[in-house]
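Peer 1: from the sequence below, what's the structure:
(3 chains)
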Amino acid sequence: MIQFQAINETLTRRGAATLSWLRGWGSLIWFAYSALVHALSPATYNSATRSVIQKQIYFTAWQILPGYTLFAALLSFVIIQIVVSTARDFGLSDFALETVIRVLVLEILPLVTALFVALRSSAAINTEVALMNVHNEIKALEDLGVDAMQLEFIPRVIGGTLSVLALSTVSGLMALILAYVVVYGAHPWNFPAYTLVVSKIFDLGILLGLGFKVVLFGMAVTVIPISEGLRAPSKLFFVPIAVLRGMVRLFFVLMLIEVASLALKYI
Amino acid sequence: MAALPDSNRSPTLEEGLRFLGTDRVELKWVEDLAGGRSMIDSAPDSAVLVTEALPLRANLSVLENMAIVPQYRHDTPYEAAADQAWQLLSRLEVTAMAFKRDPDLTSEERFQAKFLRAIMAAPPIIVIDRPGQLLPDTHYPPFLGRCLATLENHFEQCWIVDYLWNEPLYAPR
Amino acid sequence: MERAPVRAPLIKNLEFKVGLLMVLTGIIALAFLIYVLHARGAFEDSQALVLTADNADGVSIGMPVTFSGFPIGQVRRMTLTDEGQVRLTVDVPEKNLRWLRSTSVFTLEKPLVGGAKIRAYTANLQDPALVPDAEIPLHTGDTSQEIPVIVAKVRAILENVQAMTQSGSSIDQTLTHVSTITGRMSGPYGLMEGVLGDGEKARKLVDTIDHANTVLKSVNGISLRVDGMLGKTEQRLFAEGGAMDEVQQSLAQINVLLREAQGSLKKADAILGNAEAISADVKGATTDIGTLRAEVDDSLNKVNHLINDINRIWPFKGEGELTLP
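Peer 2: As a prediction, the model looks like this:
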């Protein structure tokens, strides 16, 4: 009888945990949807939200732009060198440039950008939202007739997404330039050959897919921490747990997006 | 029915105390927490609460906390909203705290910031919930009265919800 | 009215910085989009031409069409007709159209290593220009399919050669007769019998043998050429970007040569038959019979050499060893 009770309790606990896990995903998807709807509605943009968006972009993208650009350039340079010299050894130089651009511009750089922003800004956003929730700041704003969702959260999603887009764009451009210089040298006369490779890689589907993926990354690095921060119970000791859960879920989602993008492109 | 003949002059503590209990500033006595809750609930929805439970936005300065309200509600440009807030701060002669954030404020400053933020929302009623909790280290009735009297042109009506046992504190001495 | 002293206390030039970053991002993205559109020929007038093939294995959208190793167009569309034919629509920018003439030949090459390639060949750039939307056959040359055909043809010749050298064949009989003559010559009167022939007929015999030698030499020459060509083919096959058209031309040439060789060998057969008749008639010639045998032997060795070489180049089970009986 006691054993039966134990099994029953365990099952109940498991069930509750699963339900809460599912609710987490549910609220995440709902939040992502409403963020998207709000982002597209002009009513979202007022003096206050614009300033939140600007600050978010400033902290997420502008502050790290020099350092991140340098890091992305270094990473790109090393990978380009490895691929180009290996390809040369195997007599596959024709494919080196294409491989490098595909690997860096389409896959690694957007993912690394998202991970970088996730480590830096998402953790901060998650903590801040959890603390706002604990301290009742959201209710305080609502009492003043200010919707915290529209003032604080949606602008962060917009700002974060634009930041990831900006960082990916800048680092991608850097990689494209570096690839040219490493493969062809710093002379302009091989530009037509380079153009041909670019035309081979980037068609409408690839460009749209890349844009879509980066937007998804940008949304993930803001939507997930906010949603997890909001979901945490209003107790101070839950804040670290909320951040931990948010970060794990974020990592999982980023990888899922990347794997899905790879599968769509190459399978 | 202005309490002060000259609105540019700061009211004295006595003038402030006299201002409390007029029909602009109603004192609502309650006997316990539940009574306080139901009193606050009886205020119209559009009323704005000044209470310990509703803090300032932690990552914004006092000025930004105030400016964000018209910025958000009326799409007022930051400059205009900040000017509006600055005007209120200087009326209370507390511009020194304009760029401080919540943790750096004294409880008096914090109360003033919350009250000014409520004024920025221009509600029909501002409800001050248990001022003793907001101003634990102050003989608060004269302080409250002086603040309210100074800002009398900037709000419609104010309720002060306080416990009955604090009533003697409001007596002039 | 008093004004707030500081606009945005926390961040200097926030709006400018963020605006700059966003505008920069927008410009980069837009510039890249325009560049890609340009790279894909969106701003160039291009002409479509349709290549038809039976099999488009290895062809992909965006695959370049090259002329002299330079890309001049790209495959835009691939469709399969109701007849099971593949139609490849190729976009060629106006500026590259001058390389393509109505006589241009298009080949699809599938080297053993690396991707397939579509190449255009224009023999004469002064030929009339290509008709817009022209349908042009795409020659699909598959090296691994062509080579067995050559080998089969080469083998036919070898069988012929073998037939000539089989016991009972003309050459065999000739040699038997020759050996009879030499046997007689080894006798005390044998030489005399040999010498006492018709001088005219003896000369004829010598001429005929000479002729046979020449023919065999030419066969040898052909074999060397075939060898060279197979060597070349091999080289092209395993070299990067083997030139398919040349292989095809070579194959055609080989075909012709082999047919020639076949003819020559038949001729040689006939001549040797003739020689046999003569030698049977003469029953002994003054010429050095040993030399004749050595030369025939040599020629057969050369044919053997050819077979060995072909075996070496293309690993077929060799059954074509030629031996003198």
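
Peer 1: next one: phi and psi at the residue of chain B positioned farthest from its centre?
Peer 2: Distance from the centre of chain B peaks at B:P77, with 24.2 Å (C-alpha atoms, centre = their mean). For B:P77, the backbone dihedrals (degrees, to the nearest 10) come out as phi -60, psi 150.

Peer 1: element containing A:K55?
Peer 2: For A:K55, the enclosing helix or strand under DSSP states H and E is helix A:47-57.

Peer 1: return the residues of chain B in contact with chain A.
Peer 2: Residues of chain B that fall close to chain A, judged by C-beta under 8 Å from any C-beta of the partner chain: B:48-49, B:53-59, B:68-69, B:71-73, B:75-78, B:81, B:117-118, B:120-121. In this view, the C-beta of every residue, glycine as well, is placed from N, C-alpha and C.

Peer 1: can you give me the pLDDT of residue 84?
Peer 2: Using chain A here. At A:V84, the model reports a pLDDT of 92.

Peer 1: try again with chain B
Peer 2: For B:Q84, pLDDT reads 92.

Peer 1: that one contacts B:P77, doesn't it?
Peer 2: No - taking contacts as C-beta atoms under 8 Å, B:Q84 lies outside contact range of B:P77: 10.7 Å.

Peer 1: what sits against A:R249?
Peer 2: Applying C-beta atoms under 8 Å, 6 or more residues apart in numbering or on different chains, we find A:R249 in contact with A:24, A:28, A:224, A:228.

Peer 1: swap in 6 Å and give it another go.
Peer 2: A:I224 (C-beta atoms under 6 Å, 6 or more residues apart in numbering or on different chains).

Peer 1: that one in helix, strand or coil?
Peer 2: Here A:R249 is recorded as helix under DSSP: H, G, I helix; E, B strand; the rest coil.

Peer 1: ok, C:A56 next?
Peer 2: Of the three states, C:A56 takes coil according to three-state DSSP.

Peer 1: what about C:K17, how many neighbours?
Peer 2: When counting by other C-beta atoms under 10 Å in any protein chain shown, one arrives at 18 neighbours for C:K17.

Peer 1: tell me the spacing between it and A:A166.
Peer 2: Separation of C:K17 from A:A166 (C-beta to C-beta, to the nearest Å) stands at 12 Å.

Peer 1: sorry, back to before: buried sites along the helix holding A:K55?
Peer 2: Within helix A:47-57, the residues scored as buried using 16 or more other C-beta atoms under 10 Å in any protein chain shown are A:47-57.

Peer 1: could you pull out the helices for the stretch 151-267 of chain A?
Peer 2: For the stretch 151-267 of chain A, applying DSSP state H, counting those that start in this stretch gives helices covering A:154-184, A:191-201, A:204-231, A:239-266.

Peer 1: what residues does chain C have near chain A?
Peer 2: C:11, C:14, C:17-18, C:21, C:25, C:28-29, C:36, C:39-40, C:62, C:71 (C-beta under 6 Å from any C-beta of the partner chain).

Peer 1: just these: which are in helices?
Peer 2: C:14, C:17-18, C:21, C:25, C:28-29, C:36, C:39 (DSSP state H).

Peer 1: ok, and the most crowded of those?
Peer 2: Neighbour counts for those (other C-beta under 10 Å) peak at C:V18, which has 25 neighbours.

Peer 1: OK, contacts around it?
Peer 2: Contacts here follow C-beta under 6 Å, 6+ apart; on that basis C:V18 touches A:54, A:57-58.

Peer 1: next: B:V30.
Peer 2: Going by C-beta under 6 Å, 6+ apart, B:V30 touches B:36, B:39.

Peer 1: same deal with A:S122?
Peer 2: Going by C-beta under 6 Å, 6+ apart, A:S122 touches A:221, A:225, A:250.

Peer 1: ok so, going back, weakest of the helices of the stretch 151-267 of chain A by average pLDDT?
Peer 2: helix A:191-201 (a mean of 86).

Peer 1: okay, now A:M132: neighbour count?
Peer 2: 24.

Peer 1: with C:F43 instead?
Peer 2: 10.

Peer 1: what about the spatially closest residue to it that is not a sequence neighbour, distance to chain B?
Peer 2: The shortest distance from C:F43 to any non-neighbouring residue, by C-beta to C-beta, 6 or more residues apart in numbering or on different chains, is to C:L37 (6.8 Å). For C:L37, the distance to chain B (C-beta to the nearest C-beta, to the nearest Å) stands at 38 Å.

Peer 1: one step back: between the contacts of A:S122, which is nearest chain B?
Peer 2: Taking C-beta to the nearest C-beta as the measure, A:P225 is the one of the contacts of A:S122 closest to chain B, at 15.3 Å.

Peer 1: so the closest one sits against A:A124, correct?
Peer 2: No - assessed by C-beta atoms under 6 Å, A:P225 is found out of contact with A:A124, at 8.3 Å.

Peer 1: who has more neighbours, these two?
Peer 2: Shown here are A:P225 and A:A124; by other C-beta under 10 Å, A:P225 has more neighbours (30 against 14).

Peer 1: what number of residues lie near the nearest residue to the more buried one once chain neighbours are set aside?
Peer 2: Spatial nearest neighbour of A:P225, chain neighbours left out: A:N126 (3.4 Å); criterion: C-beta to C-beta, 6+ apart. Using other C-beta under 10 Å, A:N126 has 29 other residues around it.

Peer 1: quick one, what contacts A:N126?
Peer 2: Counting by C-beta under 6 Å, 6+ apart, A:N126 has contacts A:225, A:228-229, A:243, A:246.

Peer 1: let's go with 7 Å and repeat that
Peer 2: Residues counted as contacts of A:N126 (C-beta atoms under 7 Å, 6 or more residues apart in numbering or on different chains) are A:225, A:228-229, A:242-243, A:246.

Peer 1: which one of those residues sits closest to B:L169?
Peer 2: Ranked by distance to B:L169 (C-beta to C-beta), the contacts of A:N126 are led by A:G229 at 40.5 Å.

Peer 1: touching, the closest one and A:N133? I think so.
Peer 2: Yes - counting by C-beta atoms under 7 Å, A:N133 is a contact partner of A:G229 at 6.2 Å.

Peer 1: what residue is smack in the middle of the chain?
Peer 2: Just going to use chain A. For chain A, the residue whose C-alpha lies nearest the mean C-alpha position (C-alpha atoms, centre = their mean) is A:F217; its distance is 2.9 Å.

Peer 1: wait, chain B was what I had in mind.
Peer 2: Residue closest to the mean C-alpha point of chain B, counted by C-alpha atoms, centre = their mean, is B:F115 at 2.9 Å.

Peer 1: show the pLDDT at C:H139.
Peer 2: Reported pLDDT for C:H139: 80.

Peer 1: one more: the one 5 residues further on?
Peer 2: At C:S144, the pLDDT value in this model is 59.

Peer 1: for the stretch 101-250 of chain C, which spans come out with low pLDDT?
Peer 2: C:112-114, C:141-150, C:165, C:175, C:178, C:181-206, C:209, C:219, C:226-227, C:229-250 (pLDDT under 70).

Peer 1: strands of that one, residue ranges please.
Peer 2: For the stretch 101-250 of chain C, applying DSSP state E, counting those that start in this stretch gives strands covering C:105-109, C:117-121, C:135-141.

Peer 1: what are the buried residues along the longest one?
Peer 2: In this case it means strand C:135-141. C:136, C:138-140.

Peer 1: still on that earlier bit, any of the residues of chain B next to chain A buried? List them.
Peer 2: Using 16+ other C-beta under 10 Å as the burial test, the residues of chain B next to chain A include B:48-49, B:54-57, B:59, B:68-69, B:71-73, B:76, B:78, B:81, B:117-118, B:120-121 as buried.

Peer 1: buried residues in stretch A:112-123?
Peer 2: Buried, per 16+ other C-beta under 10 Å, within stretch A:112-123: A:112-118, A:120-123.
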